[in-house]
Structures are given as C-alpha cells and as structure tokens.
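> Sequence plus predicted model, see below.
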Amino acid sequence: MTYPEALRYIDDRFVSFQTVGRTAYRGGLEAIASMCRRMGNPQNRFPSIHIAGTNGKGSVAHMLAAVLQAAGYRTGLYTSPHLHDFRERIRIDGTPIPEEGVCDFLERHAEAMEAEQLSYFEMTTAMAFDWFARNRVDAAVIETGLGGRLDATNIIVPQLSIITNIGLDHCDLLGDTIALIAGEKAGIIKPSVPVLIGETHPESRPVFTARAAETASPIVFADTRYRCTAKEDRDDCARYTLRDLADGTETSYDLDLTGDYQQKNLVTVRTAVELLRSGSPFAIDGEALRTGLRHAAATTGLRGRWQVIGHDPLVVADGGHNPAGFAETMRQLAASPRDRLYMVVGFAADKDLDHLLALMPHDARYFFTQADSPRALPAERLAELAARHRLTGETAPSARIALDRARALATPRDMIFVGGSFYLIADLV
C-alpha cells in the first residue's frame, strides 16, 4: 500500500467530521475500547496527559508537548484537525508519523477496524496509540476531539487531566448550557487522577468540583494560582508576565504564540507544569519550561493561532470559530494598529453564524470566500447572511483569490485578517 492509496482508503472507509461535520460524530467508547483490546491496549503502555475544553486545548497541548520535549522526554502529541496532511495529527518530538507508519498500521489493522466499524476519529486515535506505544514515548499529550465523556481518547488513564475552559459550541451534540457542556467535558476526570481547570466559571465550577469529589480527584483551578499581568509583543514572539497569586512574585516567559488569548492558556500550562513536577514522574526545570514555550509553535508545528503570514500590509490568520474564541480574536483585532482593515472570511456551513457575524467589525472591507471543503458555506450565502449584520464587501471563489484581492487594495499601513475556519486558513499557510 502506498501513502496515496492509504489516504484514499481512509477517505473511502471512514467518515470524517472534518469533511461532513456532525453526522460523523459517534459518541461512545465501546468500539475504540474493543479495537484497542485487539491491539493489546497500547494506550496503557505510555504515560499521558489528557486535554479537553471548548477553546485553547490545542494551544495548551502543543505548549506542554514542547515543554516536555525540551525537558528531554520523547513526547507524543495527538491533535486534530490537520491542515494539510493527515500525518500532522500524530507526532513524536514534533515529527509527524511517517507515510510508511500510516500504511503499515492500515495494513495490519484494516480488517479489525472494519469489523469494529470505527469512525475516522476512532481510527486515528487507535493509530496514534499504536504509534506512541511502538516507539516507546516517555509521555504523550492527548487532545480530545469533541466533548470528553464519550470521546474516543477517553479510554486512557492519564497522569493529569486538563479542561481548559467551557463555552457554547457543538450545542446540538454536547448540550445547550455551560453546565451541560461542562458535564460532558468532566467525563475525562478519572478516579484519583489530578484535574486542572484552566478558567473558573460560576456555572461550570460546581460541575467540576462535584465530579472531582465523586472520583476522589485532586482539583486545581489555574486562574487561582497564576495571573498574566502584562504582554509585550516583540518581533517573533510575545513576552508574558505571570504573577504567582500565593506570594506575588512575577516571572516573564517568551512564547512564539502571540494571540492575546494565549495569556489564559499560558496560565494553564504554567500550573500544569507545577502539578506535573509534584505529582508525576516528569522532572521539568525552569530552563526546559522557558525553552519549550519560546519555541512551542516551531517545535510542534502549530499553525493558525494569530499567525502572521505577511507584512506590509500585516496579514494575520486565526482559526477561532466559536463565539467565545472568536470574541477573543475580534478584541485583539480591534486593538491592533492599522489604517484600514480588510477581512477575508469563510465558515463551515453548520456554524451558528448569527452569533459570529454579530462580533465582526463594521468598518472593514470584506472578502467573503469558502474553504476547499465539502463543509464550507458557499461564499454567496455567507455574503447574504453578513449583509443582515451590515457587513459589506465582495465574494471570491477561494481564499487565495480573496487574499490576493485584499492585498491589491491594501497599503503597507493597513491590515488583513484571515479567519472563520481552520480549513480556510489551511488553503493559505
């Protein structure tokens, strides 16, 4: 089997959320658990850190993986979705699983996966567990796909569980209140395993504390340990200053992720490192923490988080696509110095766009476009919906054409923003 043949097999046999959306979601652990038993339960052969949350879980996962790698640990990283190549989802020390590794796994396990009727995400999860076990990683950072309780990754028993935050997203699958969604995310909390909550919310906190009490799991809220007091943007990174709320001391860290929302994620990562130092076999000193953070995106291949993809004019791409995450991005955009703002935007068709469009600036010139994805909302329909929110501009058949049009109009003092969907950004970065 060649790699192109492997990709065709995957596309033909497994239905992907990335391609068709919510119809690909199948909650439940029976199939993945049965598949892993056939494989000898590879998920039990390496220490892991499990991360869920509405926003920030990808950034936190990549930062922690970079820090563990800087500390000298052979580190697996499992995330989704991918931007360009399927192999991006499964990495060891920043290197994607090789084409031969994908082909070998499919050749060994295709019959069993078909018998178990695995979904795309279940298949990928099984592949990640197998790859990490076969390559004897010292640690694996595992990001949930959707939710937590019924997510395919939830058969692991980690060293630490992390829930970054809770917001209203995928409400048709997870619930339409903060408390209901928190209940699904809280499903990753395991008996006696410490759990770290990134952000305290009055509706989600009781859910998490109750679940932690049921499972006798020590629980920590990161924003009660540290607070980001300053952020200074530099040429290729940002310097964040964190205050220890126990003793008032302040420490600064350089991070090559410059979105303002990374302040919250950095607080979560800093607290996670503290918990890992005291309650796990991992020894992470201050130098490893600094080095890992300074090169987090470069080390792990993270893209699409307030990523600068051009200068003169400044071009920034960000994949925040639910109301909470998009609001954070729009706040930073509003504070960014520029003369005129151009917006290249496209969304998936199953998004609740009224909430997102209401957050977008009225003083920008818009280029409504669509990603090269079956889930993409047609540009013409997006323009119609945007007009109801007094957002005006023109349509373009692709992200590349839209960006070229914006660049043709912009001066060096202007700014171009690209966002709305990771799939749109994948066409450009």
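Received the coordinates, thanks. Numbering: from 1, shown residues only.
> can you give me the strands in the stretch 101-250 of the chain?
In the stretch 101-250 of the chain, the segments counted as strands under DSSP state E, counting those that start in this stretch are 139-143, 160-163, 195-197, 219-221, 226-233, 238-244, 250-255.
> Make CSV out of those strands and add mean pLDDT.
Formatted as CSV, the strands of the stretch 101-250 of the chain follow (pLDDT from 0 to 100):
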stretch, mean pLDDT
strand 139-143, 98
strand 160-163, 98
strand 195-197, 98
strand 219-221, 98
strand 226-233, 96
strand 238-244, 97
strand 250-255, 98
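> could those go into TSV alongside mean neighbour count and distance to Ala364?
No exception for glycine: its C-beta is placed from N, CA and C like everyone else's. Listed next are these as TSV, based on neighbours: other CB atoms under 10 Å; distance: least, CB to CB, whole Å:
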stretch	mean neighbour count	distance to Ala364
strand 139-143	26	32
strand 160-163	28	34
strand 195-197	27	35
strand 219-221	18	37
strand 226-233	15	21
strand 238-244	18	24
strand 250-255	17	28
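> Mind checking the ones you listed for the one nearest to Ile32?
Nearest to Ile32, of all these, is strand 139-143, at 12.5 Å by CB to CB.
> just how off-centre is that closest one within its chain?
Chain-centre distance of strand 139-143: 13 Å, with CA atoms, centre = their mean, to the nearest Å.
> Show residues contacting that strand.
By CB atoms under 8 Å, 6 or more residues apart in numbering, the residues outside strand 139-143 that reach it are 46-52, 57-58, 61, 64-65, 68, 73-80, 128, 132, 153, 156, 158-159, 282.
> Mind checking which of those land in helices?
Of those, the ones assigned to helices by DSSP state H are Lys57, Gly58, Ala61, Leu64, Ala65, Leu68, Ala128, Phe132.
> Next, count neighbours for Asp12.
Counted with other CB atoms under 10 Å, the neighbours of Asp12 add up to 7.
> Could you name the stretch from the strands of the stretch 101-250 of the chain that's closest to Met343?
Nearest of the strands of the stretch 101-250 of the chain to Met343, taken as CB to CB: strand 226-233 at 21.1 Å.
> Which of the strands of the stretch 101-250 of the chain sits closest to Phe368?
Nearest to Phe368, of the strands of the stretch 101-250 of the chain and by CB to CB, is strand 226-233 at 29.3 Å.
> got the angle for the closest one vs strand 238-244?
If you take axes from the mean of the first three to the mean of the last three CA atoms, to 10 degrees, strand 226-233 sits at 160 degrees to strand 238-244.
> Can you show me the CA trace of strand 226-233 as PDB?
C-alpha atoms of strand 226-233 as PDB (Å, rounded to 0.1, in the frame of the first residue of the first chain):
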ATOM      1  CA  TYR A 226      -1.400  32.500  38.400                       C
ATOM      2  CA  ARG A 227      -2.500  35.600  36.600                       C
ATOM      3  CA  CYS A 228      -1.000  37.200  33.500                       C
ATOM      4  CA  THR A 229      -0.300  40.800  34.300                       C
ATOM      5  CA  ALA A 230       1.400  42.000  31.100                       C
ATOM      6  CA  LYS A 231       2.000  41.100  27.500                       C
ATOM      7  CA  GLU A 232       4.700  42.800  25.300                       C
ATOM      8  CA  ASP A 233       4.700  42.000  21.600                       C
END
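> Show me what that strand packs onto, helices and strands only.
Judged by 3 or more CB pairs under 8 Å, 6 or more residues apart in numbering; DSSP states H and E, strand 226-233 is in contact with strand 238-244, helix 262-279.
> Describe which strands it pairs with in its sheet and in which direction.
strand 238-244 (antiparallel) (DSSP bridges).
> how far is the partner strand from where the chain is centred?
Centre-to-centre, strand 238-244 and its host chain are 22 Å apart (CA atoms, centre = their mean).
> separation between the residue nearest to Gly304 when sequence neighbours are not counted and Asp244?
Residue nearest to Gly304 in three dimensions, not counting chain neighbours: Gly319, with 4.1 Å by CB to CB, 6 or more residues apart in numbering. In this structure, Gly319 and Asp244 are 32 Å apart, going by CB to CB, to the nearest Å.
> neighbours around the closest residue to Thr395 other than its chain neighbours, how many?
Closest residue to Thr395 apart from its sequence neighbours, by CB to CB, 6+ apart: Ala379 at 4.2 Å. Applying other CB under 10 Å, we find 21 residues neighbouring Ala379.
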